[in-house]
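*Asks:* Here is a sequence with its predicted model. Questions after.
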Amino acid sequence: MLFQIIALIIAIVLVAFCLVSAGLAFYITGIKRQSLREAKAWQDDHYDTSFWDELERTEYEVRGFRNYLLHAMFVVNPKDPDSKKYVILSHGYTDNRMGDLKYLPVYLSLGFHCIIYDLRGHGINAPSRCSYSIREREDLLALIRDSKKRYGDDIILGLHGESLGGATTIASLYAGPEVAFAVADCAFADIENVLRKAMSAARIPGFVLDSAMAMGRLLFGFDLKKARPIDSLKKNEIPILFIHGKEDGFIPPENSQRMAEATGGLCEVHLFEGAGHAESVLTDPERYRRYVGAFLGQVIGEDMRPHRK
């Protein structure tokens with residue numbers, strides 16, 4: 001009788017632990033999405049977005065990983081509509097394409113057309129779990145291929161990403177895509193390290209995260225231990241500009257520094273004093289523009305000084 005009671009208690013504890021692990025797996029990979037209107041309203045509250053309504057824009061769709069439908073938008077450079085320079089911008093976690101608005105003045109002033117899109121599970125895309133760059137990078141590679149096909153093989157195509165979008169940008173480089181450069185703003189080097197620090201701060205034992213990640217493999221089909229953009233840099237030769245807020249407490253700047261040390265190609269790292277997570281361009285937009293322009297000038301071999309109004 002005692003043995004049966006002990007076995008029952010153990011079974012109950014195991015079931016409870018599995019339920020907790022599954023719940024944590026759902027929480028970690030869940031996306032509290034914003035509507036395009038909500039994201040745009042946030043942008044409006046934090047800087048001047050009056051330029052947006054004056055831009056020529058075209059919406060279109062691209063099939064990503066496993067035929068997942070991505071919603072994208074092409075923004076024409078108003079000063080140079082015949083430009084051959086294009087950049088694909090990838091937004092951060094829970095945001096959407098509207099989150100890229102703050103970077104558009106940078107690239108438009110440098111003569112680029114801009115391609116913005118909703119990452120899987122974000123914006124107006126169908127619901128999907130966040131794989132922290134594992135599936136997102138395949139979507140981005142599909143966008144790169146589509147851009148070359150849609151706008152021409154002779155275009156100069158670059159990548160820019162913020163936070164999750166920055167990690168996705170770096171992770172995509174494993175495939176050696178046909179891009180001229182990558183700009184990664186506050187990207188993580190590996191998501192497990194970020195999650196472990198968050199769990200530690202919340203005083204949650206590490207084995208709980210291990211169990212949640214194992215449960216995630218069973219439930220969602222991807223292993224978050226492999227969400228390591230830094231591993232995509234082992235043979236990389238694509239020039240990368242890393243930008244990070246020095247006061248970023250969510251994804252510390254050491255993530256960018258680690259990836260800069262891992263890449264084999266041309267790279268620079270710039271830290272912004274007083275900037276928290278994804279705040280560098282808002283903290284000092286002119287400095288941000290100068291750094292991007294100077295780096296792309298090295299890469300493309302053009303005078304990349306911003307075009308003034």
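*Replies:* Here it is on my side, so go on.
*Asks:* Tell me the pLDDT of H277.
*Replies:* For H277, the model assigns a pLDDT of 97.
*Asks:* now D303
*Replies:* 61.
*Asks:* Ok, the one 3 residues further on next?
*Replies:* P306 carries a pLDDT value of 53.
*Asks:* can you map out the helices along this protein?
*Replies:* Per DSSP state H, the chain carries helices over the ranges 2-29, 36-46, 104-109, 136-151, 164-171, 191-201, 206-220, 254-262, 280-283, 285-300.
*Asks:* Does E268 touch S256 like I think?
*Replies:* No. Between E268 and S256 there is no contact under C-beta atoms under 8 Å: 10.2 Å. Heads up, the C-betas are built off the backbone N, CA and C, glycines and all.
*Asks:* Look up the residues that both of the two are in contact with.
*Replies:* Common contacts of E268 and S256 (C-beta atoms under 8 Å, 6 or more residues apart in numbering): F242.
*Asks:* And these two? Which one has more around it.
*Replies:* Under the criterion of other C-beta atoms under 10 Å, the comparison of E268 against S256 puts S256 first, with 29 against 15.
*Asks:* Let me see the contact set for the closest residue in space to Y60 that isn't next to it in sequence.
*Replies:* Spatial nearest neighbour of Y60, chain neighbours left out: A72 (5.6 Å); criterion: C-beta to C-beta, 6 or more residues apart in numbering. Applying C-beta under 8 Å, 6+ apart to A72 gives the contacts E59, Y60, E61, V62, R97, I115, I116, Y117, D118, L143.
*Asks:* how much space between A72 and L233?
*Replies:* According to C-beta to C-beta, to the nearest Å, A72 stands 26 Å off from L233.
*Asks:* for the lowest-mean-pLDDT helix or strand in the chain, packing partners?
*Replies:* When each helix and strand of the chain is scored by mean pLDDT, DSSP states H and E, helix 2-29 comes last, with a mean of 81. Applying 3 or more C-beta pairs under 8 Å, 6 or more residues apart in numbering; DSSP states H and E, one finds that helix 2-29 makes contact with helix 206-220.
*Asks:* where in the stretch 151-300 of the chain is pLDDT low?
*Replies:* Nowhere does the stretch 151-300 of the chain drop to pLDDT under 70.
*Asks:* switch to 90 and redo it
*Replies:* The stretch 151-300 of the chain contains residues with pLDDT under 90 at 198-207, 264-265.
*Asks:* relative to helix 206-220, how tilted is the least confident helix or strand of the chain?
*Replies:* 70 degrees (axes from the mean of the first three to the mean of the last three C-alpha atoms, to 10 degrees).
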